[in-house]
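Engineer: okay, structure incoming, though there's no sequence with it:
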């Protein structure tokens, strides 16, 4: 299983907010939002998807469903759930897959349609 690199600048913040980057980016693309969310008391968590940024890639193929499962495992390992999910790209697909993989974990969609498209 790939090792997911992630930014978690406010582990004691609440509620957690999962920030998912778009293609060709990584978790650091949320730097400005990390600061603002931390200042507001939230717990922003910005992972690098497998094969992006500092996350490893196992070569077994890339699917939204697999990535959603890996993200659910990451959140469970961090004790962070349920979480608010902000998706940069593709709109809604990661959130929908995460719901299928881990019902009740993602809260309140916040897609950014048009971003990254």
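Structural biologist: Structure's in. What do you need? If you're wondering where the values come from, they're calculated on a predicted model, not measured in any experiment.

Engineer: next SSE after the helix or strand in which residue 68 is found?
Structural biologist: Counting by DSSP states H and E, the element that carries residue 68 is helix 64-78. Next helix or strand after helix 64-78 toward the C-terminus (DSSP H and E): strand 83-87.

Engineer: quickly run through the sheet partners of that next one, with directions.
Structural biologist: Applying DSSP bridges to the sheet, strand 83-87 is found paired with strand 16-20 (parallel), strand 106-111 (parallel).

Engineer: show me what whichever helix or strand comes after the first one is packed up against.
Structural biologist: Downstream of strand 16-20, the next assigned helix or strand under DSSP H and E is helix 31-39. For helix 31-39, the elements it packs on are strand 16-20, strand 43-47, judged by 3 or more C-beta pairs under 8 Å, 6 or more residues apart in numbering; DSSP states H and E. Glycine gets a C-beta too; all of them are placed from N, C-alpha and C.

Engineer: identify each buried residue in helix 31-39, please.
Structural biologist: By neighbour count on 16 or more other C-beta atoms under 10 Å, the buried set for helix 31-39 is 34, 37.

Engineer: for residue 8, find the nearest of the helices and strands packed on helix 31-39.
Structural biologist: Closest of the helices and strands packed on helix 31-39 to residue 8 is strand 43-47, at 5.2 Å (criterion: C-beta to C-beta).

Engineer: hmm, who's touching the closest one?
Structural biologist: Contacts with strand 43-47, where a contact means C-beta atoms under 8 Å, 6 or more residues apart in numbering, come from 4-21, 27-30, 33-34, 37-38, 55, 71, 74-75, 78, 80, 83.

Engineer: which stretches of this structure have low pLDDT?
Structural biologist: Applying pLDDT under 70 to the chain picks out residues 1-2, 89-117.
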